[in-house]
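Engineer: Have a look; sequence and predicted model below, questions after that.
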Amino acid sequence: MKIGLFDSGIGGLTVLAQIMKLMPEEEYIYYADSDNCPYGIKTKEEIYALSKKAVVFLKEKGCDIVCIACNTATSVAAARLREEYDFPIVGVEPAVKPAIDHMATDGGNGRILVIATPMTVNQKKLHDLIDRLDEEHLVDMKALGNLPGYAEKGDFDSPSLYKYFDRELGDEKYKKYTKVVLGCTHFIHYTEALSKYFSDDVEFLDGAEGTARNIRNICSRAGLETAGHLSIEFYRSGHEASEENVSFYRMILDRLSKK
Ligand code: DGL
């Protein structure tokens with residue numbers, strides 16, 4: 001089978017890394033829309049149009065299933081695209097439920113922070129999810145709209161990155177968060193850098209592994225046959241990725257496989 005994944009850039013590689021652990025012998029196509037990153041500050045119509053282009057591109061490349069490995073594009077475009085096409089389109093969801101469940105098991109008096117792009121934080125979808133699950137009113141939200149841009153430049157640890165974090169998260173009030181939901185796939189690359197801004201025993205939660213399990217279940221229910229070998233093709237905003245881009249993506253995947 002052929003599995004397509006798309007994100008506004010390198011965020012969705014976190015989902016690819018997880019799915020490759022569960023399904024190591026399949027053909028993957030990864031579409032990074034880095035030329036149009038960040039999505040989180042665009043309008044809904046722009047995000048929908050870019051998502052549609054990527055999903056259709058992956059389908060035309062022969063993918064049996066497409067994963068929108070981007071929370072922003074999922075919240076804006078997934079439902080609409082599922083109505084328009086009849087192949088499986090899987091999205092990513094912020095891991096709010098696991099965070100609330102873990103909080104209940106751990107006890108303690110910390111709080112939960114969902115960090116995501118401005119678009120995701122302003123979407124009714126996330127507010128509805130939190131309203132439905134957060135009976136104890138433990139969950140807050142915060143947008144970090146510039147962070148995907150740092151990731152696209154391969155900046156995971158620079159003075160300017162920490163200056164940005166200090167400005168956004170330097171206030172003592174962030175120390176009360178013991179669970180932080182990474183509601184943007186790009187943010188999953190920053191767990192080490194982010195940890196000093198929250199409670200000493202902070203736990204980061206993301207939807208990458210759950211999404212990978214979801215993809216595996218859908219493929220197995222659909223009876224799709226295994227390819228029997230691993231291959232990954234990379235595209236950048238509708239074109240074959242350059243050698244330089246491919247080595248960057250492979251370096252990121254390698255980094256993720258060591259986590
Ligand atoms: N990686 C994306 C997400 O999960 C979006 C980042 C962006 O382009 O703003 O929300």
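Structural biologist: Everything's here; your move.
Engineer: And the residue nearest the centre of the protein?
Structural biologist: residue 185 (2.3 Å; CA atoms, centre = their mean).
Engineer: Excluding chain neighbours, what is closest to that residue?
Structural biologist: Nearest non-adjacent residue to residue 185, counting by CB to CB, 6 or more residues apart in numbering: residue 11, 3.1 Å away. Glycine gets a C-beta too; all of them are placed from N, C-alpha and C.
Engineer: mind listing what the residue nearest to the centre of the chain touches?
Structural biologist: By CB atoms under 8 Å, 6 or more residues apart in numbering, residue 185 lies in contact with 7, 11-12, 14-15, 69-71, 92, 206, 208.
Engineer: how far away is it from residue 149?
Structural biologist: Residue 185 sits 14 Å away from residue 149, taking CB to CB, to the nearest Å as the criterion.
Engineer: Ok, residue 24 next?
Structural biologist: Counting by CB to CB, the gap from residue 24 to residue 149 is 32 Å.
Engineer: Same drill for those two, tell me which one is more crowded.
Structural biologist: Comparing residue 24 with residue 149 by other CB atoms under 10 Å, the one with more neighbours is residue 149, at 16 against 10.
Engineer: quick one: the helices in the protein?
Structural biologist: 13-22, 44-60, 71-73, 79-84, 96-106, 118-122, 124-133, 147-152, 159-169, 191-195, 208-221, 243-257 (DSSP state H).
Engineer: among those, which is nearest residue 31?
Structural biologist: With CB to CB as the criterion, residue 31 lies closest to helix 44-60 of the helices of the chain, at 4.9 Å.
Engineer: does that closest one come close to the ligand?
Structural biologist: No. Judged by CB under 6 Å from any ligand atom, helix 44-60 stays clear of the ligand, getting no closer than 8.8 Å.
Engineer: Alpha carbons only: can I get that helix in PDB?
Structural biologist: The C-alpha trace of helix 44-60 is given here as PDB (Å, rounded to 0.1, in the frame of the first residue of the first chain):
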ATOM      1  CA  LYS A  44      -9.500  29.500   6.400                       C
ATOM      2  CA  GLU A  45     -10.000  29.700   2.600                       C
ATOM      3  CA  GLU A  46      -6.300  29.800   2.000                       C
ATOM      4  CA  ILE A  47      -5.700  26.800   4.300                       C
ATOM      5  CA  TYR A  48      -8.500  24.900   2.700                       C
ATOM      6  CA  ALA A  49      -7.200  25.500  -0.900                       C
ATOM      7  CA  LEU A  50      -3.600  24.500   0.000                       C
ATOM      8  CA  SER A  51      -4.800  21.400   1.800                       C
ATOM      9  CA  LYS A  52      -7.000  20.400  -1.100                       C
ATOM     10  CA  LYS A  53      -4.000  20.800  -3.500                       C
ATOM     11  CA  ALA A  54      -1.800  18.600  -1.300                       C
ATOM     12  CA  VAL A  55      -4.400  15.900  -0.700                       C
ATOM     13  CA  VAL A  56      -5.300  15.700  -4.500                       C
ATOM     14  CA  PHE A  57      -1.600  15.600  -5.400                       C
ATOM     15  CA  LEU A  58      -1.000  12.700  -3.000                       C
ATOM     16  CA  LYS A  59      -4.100  10.800  -4.300                       C
ATOM     17  CA  GLU A  60      -2.900  11.300  -7.900                       C
END
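Engineer: how far out from the middle of the chain is that helix?
Structural biologist: Its chain's C-alpha centre and that of helix 44-60 lie 16 Å apart, by CA atoms, centre = their mean, to the nearest Å.
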